[in-house]
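Enquirer: Quick one: sequence and predicted model below, then my questions.
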Amino acid sequence: LLLPLLLLLLLLPALAFANRLPRHYFHNEVTGESRWEEPEDPVGHLAEDGRRYYVNPDTGDSQWEFPGDTPWTEHLDHTHDRSYFHNANTGESVWDRPAELGWRVIDLSDEEYEKLHRMGDADDDDVAAADADADAGGDG
């Protein structure tokens, strides 16, 4: 009885630490910023077909439309087979994604997660390193 209790006491700090490590981080494809904390702007997720979807913070439902307060909407140009962005307030249309629509979730690969777990507390420099690993061909 004493041995299992002693083992549990020894493992509790490690278990608590493991639960603090996130399995994903946030990256803005426009500004290049990466961070652990969720940004104020809604964050996109990539569907298997490469399209971006969002989770509505009020309902928890997935949707294709950006759920935040922005004049920008994304549209598909069928001639060029690519997205463009239209600002309803100014009438401007651009090919480049506006920064407020640039956030997305990047899932860490098991290898990246284990690497951060071995390093100890993860900070924003570790996010940048994981981001660089993903850009170099990692799974994240």
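Expert: Noted; the coordinates are in hand.
Enquirer: Find the residue ranges of this structure scoring beneath the pLDDT cut-off.
Expert: Within the chain, the stretches with pLDDT under 70 are 1-21, 117, 120-140.
Enquirer: Name the SS class of residue 116, please.
Expert: Secondary structure assignment for residue 116 (DSSP: H, G, I helix; E, B strand; the rest coil): helix.
Enquirer: residues near it, how many?
Expert: Residue 116 has 21 neighbours, counted by other C-beta atoms under 10 Å. Just so you know, the C-beta spots here come from the backbone N, C-alpha and C atoms, and that holds for glycine as well.
Enquirer: That one is in contact with residue 108, isn't it?
Expert: Yes - the criterion here is C-beta atoms under 8 Å, and residue 116 meets it with residue 108 at 7.3 Å.
Enquirer: what are the ranges of the strands in this protein?
Expert: Under the criterion DSSP state E, strands of the chain are mapped to 24-28, 34-35, 44-46, 52-55, 62-63, 72-77, 82-87, 93-94, 103-107.
Enquirer: those helices in the protein, which residues are they?
Expert: Using DSSP state H, the helices found in the chain span residues 2-20, 110-119, 124-135.
Enquirer: re earlier: now the strands of the chain as a markdown table including mean neighbour count?
Expert: Listed next are these as a markdown table, based on neighbours: other C-beta atoms under 10 Å:
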| stretch | mean neighbour count |
| --- | --- |
| strand 24-28 | 21 |
| strand 34-35 | 18 |
| strand 44-46 | 16 |
| strand 52-55 | 16 |
| strand 62-63 | 12 |
| strand 72-77 | 14 |
| strand 82-87 | 14 |
| strand 93-94 | 12 |
| strand 103-107 | 18 |
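Enquirer: which residues touch residue 61?
Expert: Residues in contact with residue 61, defined by C-beta atoms under 8 Å, 6 or more residues apart in numbering, are residue 55.
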